[in-house]
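A.B. asks: only geometry, no sequence info:
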């Protein structure tokens, strides 16, 4: 057997410790990720955070914005220098007794030249301004994509809540129907109720069960849609949503439009396009001035002394017809960008106004249903049922009151969903973050 040195033992122990730490970190990370996966669906904010990391559209838009930022550096850089090698008198006609050659130093004269092109002062800065404005436009596009995806997730989450909550309401109505059926059966046993009343309640329960089955299909569709927006498998599990997004505080239309004018991605993109067009027009006019080239050459005649040459090149911008056309094109492009900015401002104000009006109306409908209509129908059902149990009233008022209560509960749910959808739509149009 071979003896194991203490240093080797220490190295093995260190490797084992590192492996254990990596394994524990990996297990914690995977466990944490699985916990997040299992808990998805209950809260909208968690869905938004997950989508920002896993939605492919958001990843692509972020990469596009990052690429536009990198374009600024490449646009403002000088062009690559050029190096030239010139071999003069390769036949060695001026050097009798020597054969022709293509090797530096074995010809009449070897000349090395380094050339660097220099744009006219200000051109590089203007190119950088154009690229910077275009990068700002890409960032606005990325923000627009983010808000579109978040709004779609909010709508899918609300739809998921709606089918889950509607199924709960129908099951509660089925339980209420079962309770009324027991009362009717007891009355039927005593000869106080007809068989038709029992059959009507059983048919009502069957209709509710059929609707619950259809809701299960709608719930599956809502989960598939939500998982697609999250970048997950269509059959990935989702927790039941606990509540709708909180309703926003009431704000005046003028305040909402003012906020939208500052942070709407559509307007940010329009402003960036105008700035890019302005800088491009200035760059086009700067094209009237020539660019320069500076060359340094080293000449090495065979058997002679080295010499240095300096050369300056200037391109002549003589094609004035094409340049004037380019300048007119840049001016028209700037005017078009300014017109699109005005159009975007009008469109944003119009869409924000419509969304704000819809939200105000939906909130008022929700208030009336919650505060007035639903309590009235609840009291009506309790009164009709008490009268039916005591025999002072018939079966029809109880059934009608029960159906009205179910209809009003579903109407209340619909109003809550419509108000939440209107709030999400307004948030997207204004450019508010979730």
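C.D. replies: Nice, thanks for sending it over. Bear in mind that the values here come from a model prediction, so they are computed numbers and not experimental data.
A.B. asks: C-alpha from now on. contacts and neighbour counts both.
C.D. replies: Fine.
A.B. asks: OK, contacts around residue 342?
C.D. replies: By CA atoms under 8 Å, 6 or more residues apart in numbering, the contact set of residue 342 is empty.
A.B. asks: mean confidence for the strand or helix carrying it?
C.D. replies: Per DSSP states H and E: residue 342 is located in helix 320-368. For helix 320-368, the mean pLDDT works out to 92.
A.B. asks: do the same with stretch 273-290
C.D. replies: Averaged over stretch 273-290, pLDDT sits at 94.
A.B. asks: pLDDT score for residue 428?
C.D. replies: As predicted, residue 428 sits at a pLDDT of 90.
A.B. asks: Figure out how far the helix holding residue 342 is from the centre of its chain.
C.D. replies: Here the centre of helix 320-368 is set off from its chain's centre by 20 Å, with CA atoms, centre = their mean, to the nearest Å.
A.B. asks: on contacts alone, who are the packing partners of whichever helix in the chain runs longest?
C.D. replies: Counting by DSSP state H, the longest helix found in the chain is helix 123-189. The contact analysis (3 or more CA pairs under 8 Å, 6 or more residues apart in numbering; DSSP states H and E) places helix 123-189 against helix 44-54, helix 56-75, helix 195-230, helix 265-286, helix 395-430.
A.B. asks: ok so, going back, report the angle between the helix holding residue 342 and helix 395-430.
C.D. replies: Inter-element angle recorded for helix 320-368 and helix 395-430: 150 degrees (by axes from the mean of the first three to the mean of the last three CA atoms, to 10 degrees).
A.B. asks: Now do the contacts for the residue nearest the centre of the chain.
C.D. replies: Of all residues in the chain, the one closest to the mean position by CA atoms, centre = their mean is residue 146, 1.9 Å from it. Residue 146 makes contact with 52, 58, according to CA under 8 Å, 6+ apart.
A.B. asks: how near is it to residue 249?
C.D. replies: Between residue 146 and residue 249 the computed distance is 23 Å (CA to CA, to the nearest Å).
A.B. asks: how near is residue 42 to residue 73?
C.D. replies: Look at residue 42 and residue 73: by CA to CA, they are 44 Å apart.
A.B. asks: for residue 121, same thing?
C.D. replies: Counting by CA to CA, the gap from residue 121 to residue 73 is 17 Å.
A.B. asks: got it, and residue 103?
C.D. replies: From residue 103 over to residue 73 the distance is 39 Å, taken as CA to CA.
A.B. asks: try residue 114
C.D. replies: Residue 114 is 24 Å from residue 73, by CA to CA.
A.B. asks: repeat for residue 245
C.D. replies: Distance, residue 245 to residue 73, using CA to CA: 43 Å.
A.B. asks: Neighbour count: these two, which is higher?
C.D. replies: The neighbour count for residue 245 versus residue 73, taken as other CA atoms under 10 Å, is higher for residue 245 (18 against 12).
A.B. asks: is it fair to say the more buried one lies in a helix?
C.D. replies: No: according to DSSP: H, G, I helix; E, B strand; the rest coil, residue 245 belongs to no helix; its state is coil.
A.B. asks: Hmm, it is touching residue 151, no?
C.D. replies: No: Residue 245 is beyond contact range of residue 151, at 11.8 Å (criterion: CA atoms under 8 Å).
A.B. asks: contacting residues for residue 125?
C.D. replies: residue 76.
A.B. asks: again, but for the one 5 residues further on
C.D. replies: The contact partners of residue 130, taken as CA under 8 Å, 6+ apart, are 275-277, 279-280.
A.B. asks: per-residue confidence at it?
C.D. replies: At residue 130, the predicted lDDT confidence score is 95.
A.B. asks: likewise residue 95?
C.D. replies: As predicted, residue 95 sits at a pLDDT of 78.
A.B. asks: for it, phi and psi?
C.D. replies: With angles defined as degrees, to the nearest 10, residue 95 sits at phi -130, psi 80.
A.B. asks: Look up the closest residue to it, ignoring the ones flanking it.
C.D. replies: residue 108 (7.2 Å; CA to CA, 6 or more residues apart in numbering).
A.B. asks: Tell me how many other residues surround that neighbour.
C.D. replies: So residue 108, with other CA under 10 Å, has 22 neighbours.
A.B. asks: what's the answer for the one 3 residues further on, then?
C.D. replies: Residue 111 has 20 neighbouring residues, counting by other CA under 10 Å.
A.B. asks: got it, and the one 5 residues further on?
C.D. replies: Residue crowding around residue 116 was assessed by other CA under 10 Å; the count is 18.
A.B. asks: and stretch 85-97, which residues are buried?
C.D. replies: By 16 or more other CA atoms under 10 Å, the buried positions in stretch 85-97 come out as 87-92.
A.B. asks: scratch that, stretch 179-186
C.D. replies: By neighbour count on 16+ other CA under 10 Å, the buried set for stretch 179-186 is 180-181, 183-185.
A.B. asks: okay if I get the residues you listed as a markdown table plus pLDDT and distance to residue 81?
C.D. replies: Converted to a markdown table, the buried residues of stretch 179-186 look like this (pLDDT from 0 to 100; distance: CA to CA, whole Å):
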| residue | pLDDT | distance to residue 81 |
| --- | --- | --- |
| 180 | 70 | 92 |
| 181 | 75 | 93 |
| 183 | 72 | 96 |
| 184 | 74 | 97 |
| 185 | 78 | 98 |
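A.B. asks: can you list the residues that contact stretch 213-231?
C.D. replies: Applying CA under 8 Å, 6+ apart, the set of residues contacting stretch 213-231 from outside is 47, 50-51, 54-56, 149, 152-153, 156-157, 159-160, 163-164, 166-167, 233-236, 238.
A.B. asks: Next one, pLDDT for residue 171 please.
C.D. replies: At residue 171, pLDDT is 83.
A.B. asks: Residue 40 too?
C.D. replies: pLDDT, residue 40: 82.
A.B. asks: so it touches residue 48, yeah?
C.D. replies: No: look at residue 40 against residue 48 with CA under 8 Å: they stay out of range, at 10.1 Å.
A.B. asks: ok, and the closest non-adjacent residue to residue 310?
C.D. replies: residue 296 (4.8 Å).
A.B. asks: which residues touch the one you found?
C.D. replies: Counting by CA under 8 Å, 6+ apart, residue 296 makes contact with 113-115, 308-311.
A.B. asks: Just give the nearest non-adjacent residue to residue 205, would you?
C.D. replies: Once flanking residues are discounted, residue 205 sits nearest to residue 174: 5.9 Å by CA to CA, 6+ apart.
A.B. asks: so how far is stretch 209-220 from its chain's centroid?
C.D. replies: Distance of stretch 209-220 from the chain centroid (CA atoms, centre = their mean) equals 31 Å.
A.B. asks: what do you get for stretch 418-434?
C.D. replies: Offset of stretch 418-434 from its chain centre (CA atoms, centre = their mean): 14 Å.
A.B. asks: All good on my end, thank you.
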